[in-house]
Every structure is written in structure tokens, then in C-alpha cells.
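Colleague: next one to model:
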Amino acid sequence: MARHAADPALTAETLRAAIADSVGEEAAARDRFGIAVSGGPDSMALLALAAEAFPGRVCAATVDHGLRTESADEAAMVAAYAAGIGIAHAILRPAEPITGSVQAAARAARYALLDEWRRGEAIDWVLTAHHADDQLETLVMRLNRASGLTGLSGIRARQGHVLRPLLGVRRAALFDHVRANAIPFIEDPSNQDQRFDRARVRAALADDDLIDAVAVARSMANLARDAESLDWAMARLAEERLTGESTNLAIDMSGLPPGAMRRLLLIALARAGEVEPRAATIDDLMANVSQGGTGMAGNSLISADGALWRVHPAPPRKR
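Modeller: This next block holds a predicted model:
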């Protein structure tokens, strides 16, 4: 039997302490919190705990993407529960239908709507119910994509105005909380849809008792701190080594280890307006350029003249 780290007691006080760790005691005692509530057991538990931890300083919102016929009724269920415990609730809907990669597009729309709501309601922080099992699933998915330090840091406890205070709590503990306190919830069938990577990983991990999700979440938090420190250092190195405009960037790679070269290239690509390539793609690109070739990332061409690497727009493709 594997020895696993114990779940922290799931109380309003432990939630308040987790938030204070992210934003400080003064902010935790003063700020207003908006809870993103899908209606699942995780977010319903977070809503109930937050209402107790921060009386008078909590409101909630549910994003209805309109992807399932049941979603309107589910949002109404959350609204009714929120009203019953004295919490203001809003239902947010995207202006345009969700298209393309459904999960990615829905996630982008959800965070955009929540941030617009936050600003409109003068809310300081939006809380989401991501938990330790989400972190473990994310780690496995990122390992399958050959991610580096940043990717393996997983879901961040604080990202902009979004806080995720339950990353050290197991899914089962949240489920137990809603059942024990007769809090209503729904189960989103897309969580079991095997077309999606996360659902497949979740199913594979469901009966595993070897990996300790709480310990993994703590390790990923440590990685996140290391990644933030490295980002800070690399930003300062970029001030010295990265020159030019977004359409013609030059990077002085002389004397740098491969990891620093990789991160400077990613900073340059971001300045050029490119979406960060997958880890395997950037590794192949760096190998080609290091050997005197060229590489492509989006619409940018990367080449090198010795230790001086250049990032500039690729020439128009021949028709």
C-alpha cells in the first residue's frame, strides 16, 4: 500500500489560508472574490466554502457555453443554490458559438467572460476549483507532450486575477464535502468523453493508488516557483541579448547553455507574435538552426550566423 500525504481538512479556514498564501493576509481580509461555478461537485464545494470564509465579499458566475441542451438548466441550478445562501450570481454566455477545438475554444471564452465580469463587478479575484487530481492529470498530459519546466509546473495557483486555492485538495474530498452537506451538483458528461485527452488520462488514473496526487501537486507548486524564478532571470538576460523589432529580432547566443538558448528563442518568438510551439517542435527547430539550417515557427523564419540567431518574417510562399 502506497503511503500518501494526507489531505488537509476541508474547511472555510483552510480555504482562507490557501488564498492568503497567494495574495497575502491583508488582501484575503479585504478583497472581493468571484467564484467560477460550473455546477460540478468541485466548484459547488468551492462556492459553499468561500461563502463561509468571506461573508459579504463573494459573488458567483456560471459560464453557459450552450454546447449541451442541459447547460441552461444546470446554470439555473447554480443560480438557485447561490440565491439560497445569499450570493449574487450571474450567467455568462459567449456572443459567438464555440467552434474549432471545442475544449480549447470553450476555455478561452470562459476566461474572457469571467474577466469581463470581474472588471464589471469590481471583483478583485476570480476563484476556480482546480484540484490535486487536475494537477496530476495535467502532469501526465504534459509529460506525453515532452514539456519542459514551465509545462511540468502545471496549473498555477495564481495567474493574473485568477486564484486556484484547491490545488492541494483531492477530488474525492470535494465530492465528500458536497454529499455530506447536501449541496446540489451535476456531473458534466464531457468529463468522461474519451475523445478528449484529459478524460482518457483521468480514466487511466482512476484506480491508481501508487501515485500520490497531493504530493504531486506540491512538487508542481515547487516547479512553478522555480519556473517563475527562471523567467525573472531570463527576462533580464533578454534585455542584454535580444535586440531589434518584432519583425527583425537578433539573439546573441554566444556562451549560453542550451536551456538558456531555448528560453531566449521562445521570448523572441513571443515578441514576434507567435504562439509558443510544442516542446518537440522547438527542440527540432533548435537542432536544425544549431547545425547551420533554418527553422519555421508560425510565420517566422529562424536562422543563424554563428552565435547570432535571427527571427524574422518568412518570405511569402510560392503559389
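Colleague: residues near residue 131, how many?
Modeller: 26 (other C-beta atoms under 10 Å). From N, CA and C alone the C-beta is placed, and that goes for glycine too.
Colleague: list the contacts of the residue sitting nearest the centre point of the chain.
Modeller: Central residue of the chain (C-alpha atoms, centre = their mean): residue 155, 4.3 Å from the mean position. Shown in contact with residue 155 (C-beta atoms under 8 Å, 6 or more residues apart in numbering): 130, 134-135, 138, 164, 167, 220.
Colleague: ditto for residue 205
Modeller: So residue 205 contacts 133, 136-137, 140, 211 (C-beta under 8 Å, 6+ apart).
Colleague: in ChimeraX, select just the buried ones from these.
Modeller: For the buried members of the contacts of residue 205, the matching ChimeraX selection, counting by 16 or more other C-beta atoms under 10 Å, is:
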select :133,136,137,140
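Colleague: what's the closest of the contacts of residue 205 to residue 16?
Modeller: Proximity of the contacts of residue 205 to residue 16 (C-beta to C-beta) peaks at residue 133, which lies at 22.3 Å.
Colleague: can you tell me how far the closest one sits from residue 268?
Modeller: Computed as C-beta to C-beta, to the nearest Å, the residue 133 to residue 268 distance reads 36 Å.
Colleague: likewise residue 68?
Modeller: 42 Å.
Colleague: those two: which has the busier surroundings?
Modeller: Of the pair residue 68 and residue 268, residue 268 is the one with more neighbours under other C-beta under 10 Å, namely 25 against 13.
Colleague: that one and residue 260, how far apart?
Modeller: On the measure of C-beta to C-beta, residue 268 and residue 260 end up 13 Å apart.
Colleague: and if you look at residue 199?
Modeller: For residue 199 relative to residue 260 (C-beta to C-beta), the value is 37 Å.
Colleague: gap between the two ends of stretch 44-62?
Modeller: Start-to-end span of stretch 44-62 (C-alpha to C-alpha, to the nearest Å) is 11 Å.
Colleague: any low-confidence regions in the stretch 201-319 of the chain?
Modeller: 318-319 (pLDDT under 70).
Colleague: okay, now the closest residue to residue 148 other than its chain neighbours: neighbour count?
Modeller: Excluding the flanking residues, the one nearest residue 148 by C-beta to C-beta, 6 or more residues apart in numbering is residue 279, at 5.7 Å. Neighbour count for residue 279, taken as other C-beta under 10 Å: 17.
Colleague: just checking, residue 279 touches residue 147?
Modeller: Yes - counting by C-beta atoms under 8 Å, residue 279 touches residue 147, with 5.2 Å between them.
Colleague: how about the helices in the chain?
Modeller: Ranges of helices in the chain, per DSSP state H, are 12-23, 25-30, 41-53, 71-84, 102-120, 132-144, 149-152, 171-180, 197-205, 213-241, 258-271, 279-290.
Colleague: would you indicate which residues of the second one are buried?
Modeller: Going back to what we said before, that points to helix 25-30. residue 28.
Colleague: mind giving me the packing neighbours of it?
Modeller: helix 12-23 (3 or more C-beta pairs under 8 Å, 6 or more residues apart in numbering; DSSP states H and E).
Colleague: quick one: the helix it packs on to helix 41-53, angle?
Modeller: 90 degrees (axes from the mean of the first three to the mean of the last three C-alpha atoms, to 10 degrees).
Colleague: tell me which residues of helix 12-23 come out buried.
Modeller: In helix 12-23, counting by 16+ other C-beta under 10 Å, buried: 14-16, 18-19, 23.
Colleague: which of those residues lies closest to residue 182?
Modeller: Closest to residue 182, out of all of the buried residues of helix 12-23 and judged by C-beta to C-beta, is residue 15, at 19.2 Å.
Colleague: wait, the closest one touches residue 165, no?
Modeller: Yes - under the criterion of C-beta under 8 Å, residue 15 makes contact with residue 165 at 5.8 Å.
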